[in-house]
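> My questions are about this predicted structure, shown below with the sequence.
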Amino acid sequence: MSSERFWEDTGLKMSEISPASSTHHHRKRAPAQVPTAVVTVSDTRTRETDTGGARVAELLGTAGHPVVAREIVPDEPAAIAEIVRALLARDDVGAVVLTGGTGVAPRDVTPEAVEPLLDRVVPGFGELFRALSYAQIGSAALLSRALAGLASGRVVFVLPGSRGAVELAMEKLVLPELGHLAAEAVKTR
């Protein structure tokens, strides 16, 4: 389909499209509810002590996105990859949010476990997260390896484990774009 034909089908003319109106148009067509799985990566957290995962679930619920699974896995690449693959195979999962294991310590392996599963990386997520983090915590923001991408028609976010980082990522980046990214993830050529 030509780009002119696409814009005709939307009822808009290309000359009327600005980056802001194009983004607004995509957001308007985005699903209001994205069923999401939450995975905490930690060797030490339990359901009772998992404040980061709990906050992700709480913020998703408040925004109207159903939490369809909540898991805790150890900081082991194989275990992380296994749970992500299993969640991506579920029909009731539109997004996966992982929290924890994004630093530079030897046990921080979440990005290495998840990135090979992604069909596409969304580099702007990590870039924006670190920029926003810098405003809050200064140069320590460079230690975060937060990332996002698309895999098997789903959105995947990898967030740091701290409650503050979770709130920042969810409120400023994930929740505003979750529906939009979920819609983009399922598009075909």
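Nice, I can see it. Numbering: from 1, shown residues only.

> Tabulate the CA atom coordinates of stretch 110-119 in CSV.
Taking C-alpha atoms only, stretch 110-119 is exported to CSV below (Å, rounded to 0.1, in the frame of the first residue of the first chain):
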residue,chain,number,x,y,z
THR,A,110,18.6,-9.7,32.6
PRO,A,111,19.5,-7.7,29.5
GLU,A,112,21.8,-10.5,28.2
ALA,A,113,19.0,-13.0,28.8
VAL,A,114,16.2,-11.0,27.2
GLU,A,115,17.8,-9.1,24.3
PRO,A,116,18.4,-12.3,22.1
LEU,A,117,14.7,-13.0,22.4
LEU,A,118,13.7,-9.6,20.9
ASP,A,119,12.8,-9.3,17.3
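
> residues making contact with it?
For stretch 110-119, contacts defined as C-beta atoms under 8 Å, 6 or more residues apart in numbering pick out 41, 75, 77-78, 80-81, 84-85, 88, 98, 100-102, 121, 145, 147, 149-152, 156, 158. Where C-beta positions appear, they are placed from N, C-alpha and C, glycine not excepted.

> Any figure for the gap between the most centrally placed residue in the chain and D50?
In the chain, the centroid-proximal residue (C-alpha atoms, centre = their mean) is F157; its distance is 2.7 Å. Distance of F157 to D50, given as C-beta to C-beta, to the nearest Å: 16 Å.

> helices or strands next to the top helix by length along the chain in the packing?
Using DSSP state H to define each element, the chain has its longest helix at helix 123-137. Applying 3 or more C-beta pairs under 8 Å, 6 or more residues apart in numbering; DSSP states H and E, we find helix 123-137 packed against strand 147-151, helix 163-169.

> Now mean pLDDT too, for those, in a markdown table please.
Below are these laid out as a markdown table (pLDDT from 0 to 100):
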| stretch | mean pLDDT |
| --- | --- |
| strand 147-151 | 98 |
| helix 163-169 | 96 |
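
> For R70, find the nearest of the ones you listed.
helix 163-169 (13.7 Å; C-beta to C-beta).

> What angle do strand 147-151 and whichever helix or strand comes after the closest one make with each other?
As assigned by DSSP states H and E, the chain's next helix or strand after helix 163-169 is helix 175-185. Following axes from the mean of the first three to the mean of the last three C-alpha atoms, to 10 degrees, one obtains 30 degrees for the angle between helix 175-185 and strand 147-151.

> How about the contacts made by L143?
103-104.

> Pop out the phi and psi values for it.
Dihedral pair for L143: phi -80, psi -10, per degrees, to the nearest 10.

> Please identify the helix or strand for A37.
strand 36-41.

> Show me where this structure dips below the pLDDT cut-off.
Where the chain drops to pLDDT under 70, the residues are 1-28.

> Can you give the domain ranges for it?
Domains of the chain are assigned by automatic domain parsing as 1-30, 32-185.

> K187 versus L150, what's the distance?
Applying C-beta to C-beta, the value for L150 to K187 is 10 Å.

> nope, A135 is what I meant
33 Å.
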